[in-house]
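In: Can you look at this prediction? I've put the sequence above it.
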Amino acid sequence: MFSEYENLDATGLAELVKQKEVTPLELLETAVARTEEYNPSLNAVVHKMYEEARTQIEEGIDLDTPFSGVPFLLKDLVATYMGVPTTGSCKILDGINANTDSELVARLKRSGVVIFGKTNTPEFGIMGITEPKFRGAARNPWNLDKSTGGSSGGSGAAVAARIVPMAHGGDGGGSIRIPSSHCGTVGLLPSRGRNPMGPDLGEAWGGLAREHVLTRSVRDSAAMLDCLSGVDAGAPYSAPKRKHGTFLNACKASDKPFRIAYSTEALYADTMHSDCVDGIMATVQLLSDLGHEVVEAKPAIDRHSLAKSYLQVVCAWVAWDIRETAKKAGRPMVAEDYELTSWVMGLVGEKNSALDLTTAIHQNHMAARTMGQFHTQYDLFLTATTAQPPATIGDLYPHGADEMALKVLKWLPFKPLLNKALDNLADEALAATPNTQLFNQTGQPAISLPLYQNAEGLPIGMQFAAEFGNEWALYTIASQLEQAKPWAALKPEILG
């Protein structure tokens with residue numbers, strides 16, 4: 001095994017490959033050995049692709065790529081790798097292989113990474129936890145009893161445990177940023193249309209969902225965005241072009257001080273845990289020390305209506321996912337093939353009308369207008385990524401009265417009951433993770449940074465959002481904070 005593997009980011013490992021101080025095969029075998037050592041405890045990697053990776057190396061690694069020979073893991077959702085299943089933790093898709101690489105995977109391969117496995121995710125990616133019935137729960141390397149968050153929880157755990165320096169993720173409501181917060185990694189939600197979704201999708205979750213990576217360093221995230229972003233043939237929209245050169249250059253920028261708004265209030269919930277508030281205030285002080293203007297302010301939004309409109313869109317897409325997975329598996333749509341939460345959310349999506357969906361989309365677009373105006377006054381908006389520290393595994397999965405209510409809806413799917421359930425979800429389901437969905441709805445980029453730990457030693461991520469298309473500002477502030485308060489040396493409990 002390569003002894004320095006866990007201390008280097010992806011850029012650092014690639015540099016060693018280019019200098020011929022280590023070979024891609026040595027890196028891969030180190031990653032495989034670490035997977036075999038740590039994954040039995042973590043359940044982060046759910047599909048192994050060791051032979052595919054060895055074959056890729058045998059065929060030759062291009063040393064002119066940014067991430068030459070760096071081991072990499074792909075989330076088992078949306079992105080397709082030819083000849084390998086993409087299940088989204090839906091059991092009926094197990095064994096059904098993709099017949100093409102998605103455009104994102106093609107660009108990942110061109111970046112030089114070596115994909116050797118797929119990571120755990122909740123069914124259809126619909127929960128802020130990674131505890132699927134099909135795959136079992138992913139566990140947090142900082143404390144194995146704690147949640148990794150979701151839906152890119154397997155990727156978050158794998159990066160935190162140094163199995164890989166970065167891994168693929170997708171984010172439809174916080175699914176890159178929440179596991180980044182819980183696992184102590186860097187997680188960017190790109191602007192809508194920045195990274196490709198083709199060729200089999202125009203958009204995912206009505207434009208809520210976007211794909212990128214979870215990393216340990218800011219420069220890796222920025223350099224990978226340079227590799228992944230760009231024109232995606234036939235896409236319904238695209239993000240604005242970069243104004244200042246590469247995103248990696250933003251990590252070296254020393255622009256004028258930013259004007260940054262912050263809030264210690266949860267966006268879509270009543271309360272914020274004191275650990276998260278403490279993290280915000282510590283970050284406010286750090287930003288002030290760096291010379292930025294920091295102002296307490298938050299956008300004027302109707303949180304209940306926006307939470308409901310978010311869930312309305314997600315439910316419509318879950319209904320579509322259920323239909324499409326059944327078609328792909330060559331089976332009828334039956335409740336027994338899906339988790340209870342997925343099935344009931346699909347029923348909501350089926351029963352609600354085109355007018356209901358159009359109203360939800362309109363509300364999302366009006367939220368984007370609100371945030372657009374907000375960012376005429378503030379360059380960035382700071383919140384805690386989540387409103388609570390990582391929960392104990394099982395605590396946020398529906399059980400007891402909540403599970404019974406879902407079962408009633410499964411068998412009595414009357415629209416008034418389903419709409420009442422949607423109202424309740426808008427008030428309750430996002431309580432632990434209420435600060436991320438807004439930016440999926442508005443199309444803005446947002447980043448979670450591992451800037452704080454609570455008294456238990458658990459990571460508490462801090463989230464920055466910028467105006468649509470302005471990942472540059474996020475990488476600039478993230479790099480400044482990474483230098484001012486380095487996190488690279490922090491290692492989770494599982495590593496000893």
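Out: Looks like it arrived, so ask away.
In: State the next helix or strand along the chain beyond the helix or strand in which residue 307 is found.
Out: Using DSSP states H and E, residue 307 sits in helix 303-329. Tracing the chain C-terminally past helix 303-329 and defining elements by DSSP H and E, one meets helix 340-351 next.
In: what mean pLDDT does that following helix have?
Out: Averaging pLDDT along helix 340-351 gives 93.
In: Would you mark the buried spots in that helix?
Out: Neighbour-count burial for helix 340-351, with 16 or more other Cβ atoms under 10 Å as criterion, is recorded at 341, 342, 343, 344, 345, 346, 347, 348, 349, 350, 351. No exception for glycine: its C-beta is placed from N, CA and C like everyone else's.
In: The second one: what's its closest spatial neighbour, skipping adjacent residues?
Out: Yep, that's residue 342 we're talking about. Spatial nearest neighbour of residue 342, chain neighbours left out: residue 123 (5.1 Å); criterion: Cβ to Cβ, 6 or more residues apart in numbering.
In: try the first one
Out: Spatial nearest neighbour of residue 341, chain neighbours left out: residue 398 (6.0 Å); criterion: Cβ to Cβ, 6+ apart.
In: same thing with the third one?
Out: Closest residue to residue 343 apart from its sequence neighbours, by Cβ to Cβ, 6+ apart: residue 335 at 4.8 Å.
In: hang on, isn't the one you found packed against residue 407?
Out: No - using Cβ atoms under 8 Å, residue 335 is not in contact with residue 407; the gap is 10.2 Å.
In: Kindly indicate which of the buried residues of helix 340-351 lies nearest residue 96.
Out: residue 342 (17.7 Å; Cβ to Cβ).
In: pLDDT score assigned to the closest residue to residue 293 other than its chain neighbours?
Out: In space, and not counting its chain neighbours, residue 293 is closest to residue 259: 4.7 Å by Cβ to Cβ, 6+ apart. pLDDT recorded at residue 259 is 98.
In: same deal with residue 399?
Out: The score at residue 399 is 79. That number is its pLDDT.
In: So what touches stretch 335-348?
Out: Stretch 335-348 is contacted from outside by 90-92, 123-124, 126-127, 132-133, 311-312, 314-315, 318-319, 321-322, 326, 329, 331, 398, 403, 406-407, 409-410, 413, 418-419, 421-422, using Cβ atoms under 8 Å, 6 or more residues apart in numbering.
In: just how off-centre is that stretch within its chain?
Out: Centroid displacement of stretch 335-348 relative to its chain, using Cα atoms, centre = their mean, to the nearest Å, is 23 Å.
In: Pull out the C-alpha coordinates of it and format them as CSV.
Out: The C-alpha coordinates for stretch 335-348 follow below in CSV (Å, rounded to 0.1, in the frame of the first residue of the first chain):
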residue,chain,number,x,y,z
ALA,A,335,-46.0,-1.4,-3.7
GLU,A,336,-44.0,-4.4,-2.5
ASP,A,337,-41.2,-3.5,-4.9
TYR,A,338,-40.6,-0.1,-3.2
GLU,A,339,-40.0,1.3,0.2
LEU,A,340,-43.0,2.6,2.0
THR,A,341,-41.9,6.3,1.9
SER,A,342,-41.1,6.1,-1.8
TRP,A,343,-44.5,4.5,-2.6
VAL,A,344,-46.5,7.1,-0.7
MET,A,345,-44.6,10.0,-2.1
GLY,A,346,-45.3,8.5,-5.6
LEU,A,347,-49.0,8.4,-4.7
VAL,A,348,-48.9,12.1,-3.8
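In: Before I go, just wanted to say thanks for your time.
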